[in-house]
Each structure stands twice: as C-alpha cells, then as structure tokens.
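**Q** Pasted the sequence and its predicted model underneath.
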Amino acid sequence: MRRGCPNCFCYGHLNDRHRVRRPALHVIAARLFDLHPIARSHYYHPAQNGSWSIKAVLPTIAPDLDYANLGNVADGRAAQLAYLEVAHRDTAEERRDALAEALRAYCRRDTEGMLRTRSTSCLRLIKLH
C-alpha cells in the first residue's frame, strides 16, 4: 500500500466500545481503517434487510463468501466459544483439531471478506489517504 495508508482493515470495530487500552497496541490501532462507515454511507442491497453488518453486506457483494456454509463456527460468538473449547485442557485432541480447522475457516472467510469489501468498487468511492 502507499505510504501513510492504513493497511489493517476492520468492519465496525472502531468505536468507543473497542478503545485500545494498552499503549503497545496503539501502533496497530492507528493503522486500522473501518470499512463499515463507507459501506453504510455508499452501499445498500435489499438482501441486507436493513442491516450493515459484515454478515449481511458480504453475501451481497460476494455471494461465494457467505457465512452460512461454515457450519458450527459461522459467527463471532461461535468463534469465541470454539476458541475457549480449543484452549481447554480437557478437550479431546480430535475435537480440538476439528474446532481449530473451523476457526481457521471462519478467520479465512473474515479476511477474504475484508479484502473483497475493500476492493468492491462501490466502497472505493472514498479514497484512503
């Protein structure tokens, strides 16, 4: 990316609820660019049903990246619970491996979603300076 441009994209997480509390993380936080306000201001598809969450917007931009086909780990809450189960010492190795793969698939989908959302022409209306 060009010098001075953010190179970490997020969707809907740059607000007061998610303030960075540790000074060491301020460097990362300063590089974040939230795609949610751009989508909300410049994009709408009826299939979103009034929602601008990434789970509602992404399937309208990239139907191949719908979260519905991810199985048990298809949203943030399920990902958090899966992570806790993976980290628990009593979780069987086979279960841990299956959950770890599901978490990787979920994170991969989120990453692909951010890239596709960023590259969508309707969201390029605002230049990143």
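**A** Looks like it came in fine.

**Q** Now the residue located most distally from the centre of the chain: which helix or strand?
**A** Going by C-alpha atoms, centre = their mean, the residue of the chain most distant from its centre is Asp90, 29.3 Å out. Per DSSP states H and E: Asp90 is located in neither a helix nor a strand.

**Q** again, but for the one 4 residues further on
**A** Remark: Glu94 resides in helix 93-119, with elements defined by DSSP H and E.

**Q** Give me the buried positions along that helix.
**A** Ala98, Leu99, Ala102, Leu103, Tyr106, Arg109, Asp110, Gly113, Met114, Thr117 (16 or more other C-beta atoms under 10 Å). Every C-beta, even on glycine, is put in place using the N, C-alpha and C of the backbone.

**Q** all strands of the chain, in order?
**A** Applying DSSP state E to the chain gives strands spanning 8-10, 32-34.

**Q** got a markdown table for those strands, with mean pLDDT too?
**A** As requested, the strands of the chain are arranged in a markdown table below (pLDDT from 0 to 100):
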| stretch | mean pLDDT |
| --- | --- |
| strand 8-10 | 75 |
| strand 32-34 | 79 |
